[in-house]
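J.: Compute the structure for the input listed below.
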Amino acid sequence: MPLMALVLGRLTANFTGFGSVDNKQSTHDFMKQVQKNALYFVYLFIAKFLLVYIWSFGFGYSANRMVQALRLKCLNRVLNRTITAHDAQTPGALSNTITNHCNSIQSALSDRIGIMIQAFSMLLASFAVAFSQSWHLTLVMLGLVLMTLGLIGFIVGSDQKIEAGLLKRYTDCSAIAEDALGSVKAVVAFGAAPKFLAKYDAILEQAEADGKKRGPFVGLMFACQYFFMFTGWAIGFYLGAYLYKRGLISDPGRILSVFFAMLIGLGAIMALGPNMPSFIKAVAASGDVFKILDDTDKRDATDDFVVSSLGTRNGHLVMRDVSFSYPSRPDVKALSDVNIEFVSGTSTAVVGPSGAGKSTLVSLLERWYQPTSGVILLDDYDITEIDPKWLRQQIALVEQQPQLFNASIFDNIAYGLIGTDKEHAPMEEKLLLVEEACREARALDFIQNLPKVFATNVGDHGGLISGGQKQRIAIARALIGRRPILLMDEATSALDNENSKVIETLMTQSGDRTTIFISHKISSAMKADRIVVIDKGRVVEQGTHAELIAANGVYKRLHDAQLQDEPDATEFTPIESSIAELKPLAQGASTVPDSSPNEVAEIPDIPKRSLWHNLYTIAQEQKRYLPILMIGVFAAIVTAQIFPVQAILLGRVMQSFQGTAKEISSKANFWSLMFFIVGLGALIAYAVLGFFMTLLGIRLTRFYRLDYFRVILSQRMEFFDRVASGALVSRLSTDPANLHELVSVNLGLLISIFVSIISGSIIALAFSWKLALVAIFGAMPVVFAAGFIRMKLDSSLAEATAKVFEDSARFATDALSSIRTVKAFTMEDTVQNSYQQQLAGTMKRLSRKAAIITLFFAFSESAELLAAALGFWYGGKLLGNGETSTEKFFTVFIAVIVGGQAAGALFGFSSNIGKARIAANNILGIRRHEHVPQEAAPSLDVSREKDANVVVDFRNVSFAYPARPDVTVLKNVSFQILKGQTVAVVGSSGSGKSTLLALLERFYDARSGALDVFGKPILSEEAEAYRKRLAIVPQEPTLYRGSIRDNIILGVDEDKVKEEDIVSACDAAILTDLIASLPEGYNSDCGAKGVALSGGQKQRIAIARALIRNPEILLLDEPTSALDAESEQLVQETLQSIQGGRTMIIVTHRLNTIKTADVIIVMAAGQIVEQGTHSELMARQGYYFKMYQSSRGD
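T.: Take a look at the predicted model:
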């Protein structure tokens, strides 16, 4: 481009010389020189087209490769972080850094860096050209440019600090969104959406306050650029005329060459303006990314081991004087001087009250944490000296709340082969191993009844299968690898008695394996070779079952509390016969919606709208911000007039060069003053535009981030069955950010550019319509055609790219939210390889699209040179024929050329426009997606006479999950529950028990039949008001980052709840002693997902959270599965004491806890097979009788 200044200088000299009064050149010679110089523009076009294509595609391709490597490196570092580091930061926040922050870096590297390098190269080359023409004039201009760059540097540095703060705020928002969307059923059931929205909006309010600080800096950045540009021209013209008059410049052509060189150089600086916000954002984002890469203190100690592996693998474990405190509570000892020996080839059961420290043993044996003191030995080696990955490959783990991945059943089980000699076995062999493991875990029957069998996707966090089915898959995953050590933490808590009995038998047949079984079930512990009793973090007893019973200590107390009602052994019927008889009932039954989130991760059925339609919708919705918008638009229109005015001024300046040195000098003062005045106008107009459009953007961003979150939370539950929470969290982060890129300063710049093109065209037509028509219609249509094609392709590319990063964000969040499972099964490399393959395959396809798009980009960037060639050639012809003047020619030429540059700049926003279109469609389109109706259904008949005592009435209710309508989960279910009754629902895993609770919570609607609650159709009452009358204790209770108090009052209005209500609920849930033992009491932090608490403690908090709502109907899904026998008994007594007139529905496998229920409903294969009281069902000796026999006191 600086070479263009030399050509422009020559052509300008040709034109001004030919138009001067003392011209002696013939028209023929003049046209010959014009044609010769005009051809240089064609050569420059070819060169620029090729060079722009090379740098644009090269930077884009390189950026993709570099950022892909950066993502992988970040994921590697995050996966290899310590568990302590993961406890301190949510998976959503980490995934946001890996995905969205890297997106910002990629955008800067692919587009903005190239443009910035081009701009600085043009600036340097411009000065080189200018110095060759007049070093006196150039030196003065250089000082002005340096001042401009210094000021921009200061502004960028200040803005970058604000941007870094904004990114931190939005990362915190991602953490809140992940909490809510990762446990959306709990949020809906407790009506907690307003609380999450309030927390989300509180951070957005802080972000808005930070964002407002950017307004003055953004306005100042644009204002200074344009002010210094026009001031530079004023100084340049004035000083150039002075130097020409003094004879220090030989001819006006040199002044014009310097002038045009400065025009191009300063224009290059101005080109940085629209790109600076993205660059600043990338710099700020890189801070978080490199913090992950550089933070070696938080890395798992994978390189600090002495022994990479042991020659033999006996699995002999010894804990010697082990004490431990969690990093989050260093003053509270979780374990104190623990001494336990886990002998190879034997089974050891670890029992004790809830919160005694049993699960802490798992954390230490898995080396998630290091003991505070003492040592743990594996085959006489300190495990801190052994490669932790090799150590974990010797241990097969079943967690208390098993984590499955958003993948097929086959993949989830086959992950258990990682680190074994079968890891890379042929698929056929792996399938046989998976089938065998499923057979041992009693999972094969229900899997074979699924339409896709092992290919069935389990959903986000295994949410598409029942708790018992999830636990059996987790057990199969642990068994498949045949590892030397089997470590089970409440491995059968979600299983029915038949399945748990078979599995317990398998677990206690250790063979050469060391089996460690942590359980609340004394009946399971009885079969272990050795039993260890832990209480308050200390080992209080060890021995066999008989020895501990004889010792009459803690174990005896736990035993008596749990087994006091054990059935007579003579009544026991072999399990196998019971299962054989019941097996036909299970055929075809499954509660698994057949849905693969990988296949349907996109939000379905969202109508696509044009960008302009969406912008109109935004304008209609945001009328309160109309004054801000109008000020910004007015400022944009004013800035748009600067360039047509510039064309007029430059035309007059060119004309002035036709005179003598004295005449040129005499006019310099006036025209320099005019340039300075225009510069002052630009200073004010761009400052106003930058400030007000930044303010508008930040306010709109706050509104649409919050609204997007609100609308997502209002979706039907089947929506969340289809779309993974990680993908939604990613969208919540990226879509508003992409929309902000358009509705803030860029919107003002686009308006300014568009109006500038129109104004420039009008000026050109007014001065010389013949030349204007040729220049405009000869060049503009081609530029616009190329630009629109590029915009369409860019939009397509942006959509494909957004899908890639959404999927990768879901994948990363899925892995990071199950980081303990990832580490336990040494899946770090597997996760990273899958992530790499996911990115690599797609990036190849995207690169091919980018290669085509870059062609149009290069053409739109270079087409102004063709327009210049055409303009000079035809302008010269008109001038030669006397049909135009030099002034008119240059006015038209500069107006059209600036218009061409503006058009190129307009389409330079095509990437932003494409992303914004997708973002706007997602944000506004999801509103049109079917959501949960909050109001009552108006057409329902509520006038029918009904028994006031009937609280719940199922009448021939059938149900299939929306994602798999061909599999009926409930079949013609009919029963009634009277006011104040306690009703228990029992049955095998996957029989449809929890589905009943899901229908009562209005997570789904029945497919057929009728369901009345509180004497009227369930849909006849407004949803929020209806759910306030219910409370649920879910099978896997979810706690959130925050205090115990915050988690307990999650489902109530905190302004109305009294302190005594909280204390009373905690007393009822047996929480008082736990809270008293914590330094901060009720204000103690639960950690992310309640990580700071044991399973039993979390379950008791969940019970307190339900009780404080004082519900009319209390739904309990395995409410005591994670509690020890004593706590279970106390909770049972509490539930009985608080029942009063309250109706309770209990889903459970622990039959000894429901003998006093008013009604027991027995389910199998989605149907009710029996119902009655305990004594009535026992007398029938049917399904329930056999289940109770097999329970043996559980």
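
J.: so where is the stretch 51-200 of the chain shaky, pLDDT-wise?
T.: Applying pLDDT under 70 to the stretch 51-200 of the chain flags residues 111.

J.: right, I mislabeled it, should have said the stretch 251-400 of the chain
T.: Applying pLDDT under 70 to the stretch 251-400 of the chain flags residues 252-253, 263, 266-274, 296-313.

J.: what sits up against the helix or strand containing Val1162?
T.: Element membership for Val1162, per DSSP states H and E: strand 1159-1164. Strand 1159-1164 is contacted from outside by 582, 585-586, 589, 975, 977, 981-988, 991-993, 1154, 1168-1174, 1177, 1183-1184, 1187, using C-beta atoms under 8 Å, 6 or more residues apart in numbering. To be clear about C-beta, it is placed using only N, CA and C from the backbone, and glycine gets the same treatment.

J.: Likewise for stretch 1007-1016?
T.: By C-beta under 8 Å, 6+ apart, the list of residues contacting stretch 1007-1016 reads 940, 942, 946-948, 950-960, 965, 968, 972-974, 999-1000, 1017-1018, 1021, 1026, 1029, 1112-1113.

J.: Which ones among those residues lie within strands?
T.: Members of these lying in strands (criterion: DSSP state E): 950-959, 972-974, 1017, 1113.

J.: Using neighbour counts, trim the contacts of strand 1159-1164 to the buried set.
T.: Using 16 or more other C-beta atoms under 10 Å as the burial test, the contacts of strand 1159-1164 include 582, 585-586, 589, 975, 977, 981-988, 991-993, 1154, 1168-1172, 1174, 1177, 1183-1184, 1187 as buried.

J.: Identify the residue nearest the geometric centre of this protein.
T.: Ser730 (2.5 Å; C-alpha atoms, centre = their mean).

J.: and the helix or strand that residue falls within, what does it pack onto?
T.: Take DSSP H and E as the rule and Ser730 turns out to sit in helix 725-743. Judged by 3 or more C-beta pairs under 8 Å, 6 or more residues apart in numbering; DSSP states H and E, helix 725-743 is in contact with helix 91-96, helix 135-181, helix 661-713, helix 769-817, helix 910-928.

J.: Do a quick rundown of the strands in the stretch 951-1100 of the chain.
T.: With DSSP state E, counting those that start in this stretch as the criterion, the stretch 951-1100 of the chain has strands at 970-978, 982-987, 1008-1013, 1016-1017, 1030-1033.

J.: Now do the longest one: everything it contacts.
T.: Residues outside strand 970-978 that contact it (C-beta under 8 Å, 6+ apart) are 949-959, 983, 992, 995-996, 999, 1006, 1009, 1143, 1145, 1158-1159, 1161, 1165-1168, 1171.

J.: now, which of the ones in strands among the contacts of stretch 1007-1016 sits nearest Gly553?
T.: Closest approach to Gly553 among the ones in strands among the contacts of stretch 1007-1016 (C-beta to C-beta): Ile1113, at 41.0 Å.

J.: Quick check: that closest one touching Arg1142?
T.: Yes: Ile1113 lies in contact with Arg1142 (C-beta atoms under 8 Å); the separation is 7.4 Å.

J.: Can you tell me the SS state at Ile465?
T.: Look at Ile465: counting by DSSP: H, G, I helix; E, B strand; the rest coil, its state is coil.

J.: Pop out the phi and psi values for it.
T.: With angles defined as degrees, to the nearest 10, Ile465 sits at phi -130, psi 160.

J.: Against Arg716, how distant is it?
T.: Ile465 sits 20 Å away from Arg716, going by C-beta to C-beta, to the nearest Å.

J.: The two: which has the busier surroundings?
T.: A side-by-side neighbour count of Ile465 and Arg716, using other C-beta atoms under 10 Å, places Ile465 first with 26 against 18.

J.: C-terminal to the helix or strand bottoming out on mean pLDDT in the chain, what's the next element?
T.: Within the chain, no helix or strand scores below helix 575-586, which has a mean of 34 by mean pLDDT, DSSP states H and E. Counting by DSSP H and E, the next helix or strand C-terminal to helix 575-586 is helix 611-621.

J.: before we move on, what SS does Gly315 have?
T.: coil.

J.: Number of residues surrounding it?
T.: Around Gly315 there are 24 other residues, counting by other C-beta under 10 Å.

J.: related to what we said a few turns ago, which of the strands of the stretch 951-1100 of the chain sits closest to Ala209?
T.: Minimum separation from Ala209 across these (C-beta to C-beta) falls at strand 1030-1033, 37.4 Å.

J.: Tell me how many other residues surround His613.
T.: 14.

J.: Check Pro1037 too.
T.: Neighbours around Pro1037, by other C-beta under 10 Å: 27.

J.: One more: Lys333?
T.: Lys333, neighbours per other C-beta under 10 Å, totals 17.

J.: Correct me if wrong: it contacts Ser325.
T.: Yes: judged on C-beta under 8 Å, Lys333 makes contact with Ser325 at a distance of 5.4 Å.

J.: give the contact list for Leu317.
T.: By C-beta under 8 Å, 6+ apart, the neighbours of Leu317 are 341-342, 365, 376-378, 485, 514, 516.

J.: Am I right that Glu541 sits in a strand?
T.: Yes: counting by three-state DSSP, Glu541 is located in a strand.

J.: for it, what are its contacts?
T.: 531-533, 548, 551, 553-555.

J.: now with 6 Å?
T.: Glu541 is in contact with 533, 548, 553-555, counting by C-beta atoms under 6 Å, 6 or more residues apart in numbering.

J.: hmm, back to that, so what's the residue nearest to the centre of the chain closest to, chain neighbours aside?
T.: Spatial nearest neighbour of Ser730, chain neighbours left out: Ala809 (3.4 Å); criterion: C-beta to C-beta, 6 or more residues apart in numbering.

J.: isn't the one you found right next to Ala93, touching?
T.: No: using C-beta atoms under 6 Å, Ala809 is not in contact with Ala93, being 11.9 Å away.

J.: where do the helices sit along the stretch 1-150 of the chain?
T.: Under the criterion DSSP state H, counting those that start in this stretch, helices of the stretch 1-150 of the chain are mapped to 2-19, 27-79, 83-88, 91-96, 102-107, 113-133, 135-181.

J.: Quick one: closest of those helices to Leu397.
T.: Using C-beta to C-beta, the nearest of the helices of the stretch 1-150 of the chain to Leu397 is helix 83-88, at 13.4 Å.

J.: before we move on, the earlier item: between Ala809 and Ala93, who's got more neighbours?
T.: Applying other C-beta under 10 Å to Ala809 and Ala93 shows that Ala809 carries more neighbours, namely 27 against 24.

J.: With Pro91 as the reference, measure out to that one.
T.: Using C-beta to C-beta, one gets 10 Å for the distance from Ala809 to Pro91.

J.: do the same with Asp1158
T.: Asp1158 is 43 Å from Pro91, where distance means C-beta to C-beta.

J.: which of those two has more neighbours?
T.: Pro91 (26 against 15).

J.: Grab the nearest non-local neighbour of Ile685.
T.: Careful, residue 685 is Ala; it's not Ile. Leaving aside its sequence neighbours, Ala685 sits nearest to Val638 (C-beta to C-beta, 6+ apart; 4.2 Å).

J.: Using the three-state scheme, assign that neighbour.
T.: Applying three-state DSSP: Val638 is helix.

J.: That one: neighbouring residues, count only.
T.: Neighbourhood size, Val638 [other C-beta under 10 Å]: 18.

J.: Show the contacting residues for Phe767.
T.: By C-beta under 6 Å, 6+ apart, Phe767 lies in contact with 888, 891-892.

J.: Go through these and flag which are in helices.
T.: When DSSP state H is applied, the contacts of Phe767 are split such that 888, 891-892 fall in helices.

J.: does the closest residue to Thr384 other than its chain neighbours count as helix, strand or coil?
T.: What sits nearest to Thr384 in space, not counting adjacent residues and going by C-beta to C-beta, 6+ apart, is Gln370, at 6.5 Å. Following three-state DSSP, the label given to Gln370 is coil.

J.: Show me the domain layout of the chain.
T.: Here the domain assignment for the chain is 2-298+601-928, 950-1191, based on automatic domain parsing.

J.: Contacts for the host helix or strand of Ile1103, please.
T.: Using DSSP H and E, Ile1103 sits in helix 1095-1107. Outside helix 1095-1107, the residues within contact range by C-beta under 6 Å, 6+ apart are 354-355, 400, 1031, 1033, 1037, 1039, 1047-1048, 1050, 1065-1066, 1068-1071, 1074, 1090, 1122-1123.
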